[in-house]
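1. sequence-free structure coming up:
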């Protein structure tokens, strides 16, 4: 998840384990479990599951983008804090976004073999977002008061 949708849709680990079992009980997934070793569980869509997924994918949404960035939250509420505190948060945010940008740029340059055109477009969009985030946080590092 972290290497695919994790950059734009966070999912708690607990949900990763609970949701497939719920969908299997609803007849939307079928579960297979290894009989030995770690007894891993794998899931596959049933015909009903494919129909439900296709219906869900075709429903337009009015929801906008939600940014969930702890550094942004700290800047929002800590804007009156000491510039050193803001600069420390911003400096680390630059590093984090640069690392994510590098990962997305690699994925765009060397796309996974299974990725379709829509997935590649999303990877490119997330790289663009990370590029803008790096520029934003670099500006905050340069001027924590954002007055210059």
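-> That came through fine. On a predicted model such as this, the values are computed, not experimentally measured, just so you know.

2. can we go C-alpha only for contacts and neighbour counts from here?
-> Will do.

3. So residue 75 is in contact with residue 88, correct?
-> No. Shown here, residue 75 and residue 88 do not form a contact pair, counting by CA atoms under 8 Å, at 10.8 Å.

4. So between the two, which is more surrounded?
-> Each of residue 75 and residue 88 has its neighbours counted (other CA atoms under 10 Å); residue 75 has more, 18 against 12.

5. What helix or strand is the nearest residue to the more buried one once chain neighbours are set aside located in?
-> Nearest non-adjacent residue to residue 75, counting by CA to CA, 6 or more residues apart in numbering: residue 86, 6.7 Å away. Per DSSP states H and E: residue 86 is located in helix 83-109.

6. what separates that helix from the chain centre, distance-wise?
-> In terms of CA atoms, centre = their mean, to the nearest Å, the centre of helix 83-109 is set 15 Å apart from its chain centre.

7. Number the chain from 732, please
-> Right, with 732 as the first residue, what we last looked at is helix 814-840.

8. Give me the three-state assignment for residue 755.
-> At residue 755, secondary structure determined by DSSP: H, G, I helix; E, B strand; the rest coil is helix.

9. what's near enough to touch it?
-> By CA atoms under 8 Å, 6 or more residues apart in numbering, the contact set of residue 755 is 761-762.

10. And it, how far from residue 817?
-> 47 Å (CA to CA, to the nearest Å).
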